[in-house]
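>>> Quick one, what's the 3D model for this:
(chains A and B)
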Amino acid sequence: MTDNSNTLGDGSRRDFLLVSTATLGVAGTALAVWPFIHSANPAKDVLALASTEVDLSAVEEGMAITVMWRGKPVFIRHRTPSDIQMAAEVELADMRDPQADADRVQKPEWLILVGVCTHLGCIPSGQKLGDSRGEFGGWFCPCHGSHYDTSGRIRKGPAPFNLPVPPYAFTDDTNIVIG
Amino acid sequence: MSKRQYNNRVMQWVEDRLPIISLMENSGVIYPTPKNLNYWWNYGSLAGVVMVIMILTGIFLAMNYQAHPTVAFDSVERIVRDVNYGWLLRYLHMNGASMFFLLVYIHMFRGMYYGSYKAPRELLWMIGVTIYLAMMATAFMGYVLPWGQMSFWGATVITNLFSAVPVVGTDIVTWMWGGFAVDFPTLNRFFAWHYLLPFILFALVFLHLWALHTHKSNNPLGIDAKTPQDMMPFHPFYTIKDLYGLGFFMIFYLYFVFFQPNFFGEVDNYIPANPMVTPPHIVPEWYFLPFYAMLRAVPDKLGGVIVMFAGVLILYVLPWLDTSKVRSARFRPVFKQMFWIFFLDCLVLGYVGAKSPDEMFMGIMTMTTLGQIATTYYFFHFIVLLPLLGKYETTKPLPNSIAEEVAKKYAQ
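Numbers count the residues shown, from 1 in each chain, chains lettered A, B, ... in the order given. Just a heads-up that it's a prediction; the model follows:
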């Protein structure tokens, strides 16, 4: 016992060993946790399914189609001139998430949006004939009552943001690639 | 602890090597229990029985369930139609979830009425709240597994709550999903968690019992036991009382299992999940309705989420919000009335949660407005009423001892 007693020099050396072992142990554990956390993020095959091609030639003016992209619906609406006019003329200051219609489309007649309500993820109605389109002629979310306009912008209800525009590109006049 | 002797040589042999025989005897047979417990003290043990039923039925269901979006719905239907007694396993499990919550809610309100959370039982109460949280997570993920429309959209809406977190909200939701929408990775991991969490819950129940056995049960008088005359051995007095109550409970539970197996469910969950169509009315299971009403009471997304979580988490600090030294509502005339108003308020919240937000309540206000009033009162009860009552309420004189009160009762 006397050999192991804490003399002054011995004590500080032990403290050093204790603190450095504990520090290294905590840091090592923290690093080892990351693979577990990251394994829950989207896997490579999920990421690989990230683009969708769509032929728009059959979509007449005033019609809308829904396609699937990354497991979510994408709304494609062939807007009428009055839809476009309504979206363009509105006062931006009145909006919760102000954005000009021109910034949300590549060609004014084609409105392409992720069809997921920005509140809690329901699918708004307004794609089919006879669906409720809400007070602003766009879409209406039945879950908690959000109204979107003909540019997919939030105008009334609990949703905080506009329906997002996915990345897409026209490969020719009537074909697009989403993603 | 003195060494205990057993006549049975096998028991003695085990006891000498691992004192588990005396441990069981101490905590299940001679365990001292207050003489005056009423039937409101049955619900803890009833919840324990249901937990065991849930784990057993769950393990056997898992042997036939398949966690993939293409087959999950059909595998559940197969369990009900083709697997021998699969219908029984599934309906015991499905209704068992509702029963578990019902019993635990009664158990919690019992604790509130008789002040069971007060010193020295604060940690016992807090472990209980943690068990309740584990139950909520388990129930939510279990509801997703049949992969019907309500499963899918319930999962979507609840996981989307986390998108309200500033800056990293979307990343958190993608991480929880393992993709860009609720899909196979989500279903598969929910199944894994749904299998794991009940065992964590089981371990928490042991901590709950350990804390309980440290200071023993509270009682309807809310006074401390002072002498051995205040207590009775757990066996046979409370084993028989618990069993008697269990008989009545099983009649109630099995009525639903055999005659109304879908009473607590939603019809829409018998439509297979469709990521492209949201059902017109999304309603959570009944046991989440009060919190759903709180979520919808706040017009702001993040605010609603915070208020909803606060509604549950405030239970953790209840032992410190209630400043009264008197435990039982029997001796707190004002608190007793406030307790019943609070109970009613919780029912109102549940009612609002089941209705659509724009619906009118008796033609005077919308459900949203009623939800806002009820949510405000819920927090008012905890944050304002309880601390002030402890200071200003005139309590009735407390009895001298449990034994004296019991003797008085039987002398009449």
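
>>> C-alpha only now, for contacts and for neighbours.
OK.

>>> Show me what from chain A comes close to chain B.
Residues of chain A lying near chain B by C-alpha under 8 Å from any C-alpha of the partner chain: A:40-43, A:46-47, A:70-73, A:119-124, A:142-144, A:158-160.

>>> Among those, name the ones in strands.
Within the residues of chain A next to chain B, residues falling in strands by DSSP state E are A:72-73.

>>> Produce a ChimeraX select command limited to the buried residues of the residues of chain A next to chain B.
For anyone working in ChimeraX, the buried entries among these, judged by 16 or more other C-alpha atoms under 10 Å in any protein chain shown, can be selected with:
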select /A:40,41,42,70,71,72,73,119,120,121,122,123,124,142,143,144,158,159,160
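
>>> okay, now the closest residue to residue B:355 other than its chain neighbours: neighbour count?
The shortest distance from residue B:355 to any non-neighbouring residue, by C-alpha to C-alpha, 6 or more residues apart in numbering or on different chains, is to residue B:367 (7.1 Å). Counted by other C-alpha atoms under 10 Å in any protein chain shown, the residues lying close to residue B:367 total 25.

>>> again with the one 10 residues further on
For residue B:377, the neighbour count with other C-alpha under 10 Å is 18.

>>> which residues touch stretch A:61-74?
When contacts are defined by C-alpha atoms under 8 Å, 6 or more residues apart in numbering or on different chains, stretch A:61-74 is touched by residues A:49-52, A:54, A:59, A:75-80, A:112-116, A:123, A:127-128, A:178-179, B:179-183, B:275-276.

>>> From one end of that stretch to the other, what's the distance?
Using C-alpha to C-alpha, to the nearest Å, the gap from the first to the last residue of stretch A:61-74 comes to 18 Å.

>>> tell me which residues in that stretch are buried?
The neighbour-count check on stretch A:61-74 (16+ other C-alpha under 10 Å) flags A:64-74 as buried.

>>> do the same with stretch B:146-165
Applying a neighbour-count criterion of 16+ other C-alpha under 10 Å, one finds B:146-157, B:159-165 buried in stretch B:146-165.

>>> which helices and strands sit right next to the helix or strand that contains residue B:135?
Counting by DSSP states H and E, the element that carries residue B:135 is helix B:122-144. Under the contact criterion of 3 or more C-alpha pairs under 8 Å, 6 or more residues apart in numbering or on different chains; DSSP states H and E, the helices and strands touching helix B:122-144 comprise helix B:149-160, helix B:184-215.

>>> Okay, strands next: where are they in chain B?
Using DSSP E, the strands of chain B run over B:32-34, B:231-233, B:360-361, B:365-366.

>>> Then chain A?
With DSSP E as the criterion, chain A has strands at A:52-55, A:64-69, A:72-78, A:110-114, A:137-141, A:146-149, A:154-156, A:168-172, A:175-178.

>>> Pipe those into CSV and attach distance to residue B:10 and mean pLDDT per row.
As requested, the strands of chain A are arranged in CSV below (distance: least, C-alpha to C-alpha, whole Å; pLDDT from 0 to 100):
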stretch, distance to residue B:10, mean pLDDT
strand A:52-55, 70, 89
strand A:64-69, 67, 91
strand A:72-78, 64, 92
strand A:110-114, 70, 93
strand A:137-141, 69, 90
strand A:146-149, 70, 91
strand A:154-156, 74, 90
strand A:168-172, 76, 91
strand A:175-178, 73, 91
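
>>> check contacts around the residue sitting nearest the centre point of chain B.
Centrality entry for chain B: nearest residue to the mean C-alpha point is residue B:104, 3.8 Å, by C-alpha atoms, centre = their mean. Contacts for residue B:104 were tallied using C-alpha under 8 Å, 6+ apart; they are B:43-44, B:47, B:132.

>>> So how do I select the buried members of the contacts of stretch A:61-74 in PyMOL?
Here is the PyMOL command that selects the buried residues among the contacts of stretch A:61-74 (16+ other C-alpha under 10 Å):
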select buried, (chain A and resi 75+76+77+78+79+80+112+113+114+115+116+123+127+178) or (chain B and resi 179+180+181+182+183+275+276)
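
>>> Residues touching stretch B:247-259, excluding its own?
B:46, B:88, B:91-92, B:95-96, B:99, B:262-263.

>>> Wait, residue A:122 touches residue A:146, no?
No: contact between residue A:122 and residue A:146 fails when scored by C-alpha atoms under 8 Å: they sit 10.2 Å apart.

>>> Out of the residues of chain A next to chain B, list just those in helices.
Using DSSP state H to define helices, the subset of those located there is A:46-47.

>>> domains of chain A?
Domain segmentation of chain A under automatic domain parsing yields A:1-41, A:47-178.

>>> Leaving out chain neighbours, which residue sits closest to residue B:179?
residue A:42 (4.6 Å).

>>> Now do the same contact list for the one you found.
For residue A:42, the set of contacting residues under the criterion of C-alpha under 8 Å, 6+ apart consists of B:174-175, B:177-180.

>>> cool, and residue A:120?
Residue A:120 sits next to A:159, B:156-158, B:160-161 when contact means C-alpha under 8 Å, 6+ apart.

>>> Could you do residue B:50 as well?
The contact partners of residue B:50, taken as C-alpha under 8 Å, 6+ apart, are B:96, B:99-100.

>>> any idea how far residue B:287 lies from residue B:97?
Summarising the geometry, the distance separating residue B:287 from residue B:97, computed by C-alpha to C-alpha, is 9 Å.

>>> One more: residue A:34?
When residue A:34 is compared with residue B:97 (using C-alpha to C-alpha), they lie 34 Å apart.

>>> which of the two has more neighbours?
Regarding residue A:34 and residue B:97, a neighbour count based on other C-alpha under 10 Å identifies residue B:97 as having more, with 23 against 10.

>>> Hmm, the more buried one is touching residue B:140, no?
No: Residue B:97 is beyond contact range of residue B:140, at 10.2 Å (criterion: C-alpha under 8 Å).

>>> what residue ranges in the chain score low on pLDDT?
Since you didn't name a chain, this refers to chain A. Counting by pLDDT under 70, the ranges of chain A that qualify are A:1-10.

>>> Actually, chain B is the one I wanted.
By pLDDT under 70, the low-scoring segments of chain B are B:1-2.

>>> can you list the residues of it near chain A?
B:153, B:156-158, B:160-161, B:174-183, B:275-278, B:280-282, B:299-301, B:357.

>>> Looking at the residues you listed, which are in helices?
Secondary structure defined by DSSP H assigns B:153, B:156-158, B:160, B:174-177, B:301 of the residues of chain B next to chain A to helices.

>>> Take the residues you listed and write them to a markdown table, including distance to residue B:210.
Formatted as a markdown table, the entries for these read as follows, by distance: C-alpha to C-alpha, whole Å:
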| residue | distance to residue B:210 |
| --- | --- |
| B:153 | 39 |
| B:156 | 38 |
| B:157 | 37 |
| B:158 | 34 |
| B:160 | 37 |
| B:174 | 39 |
| B:175 | 36 |
| B:176 | 34 |
| B:177 | 37 |
| B:301 | 40 |
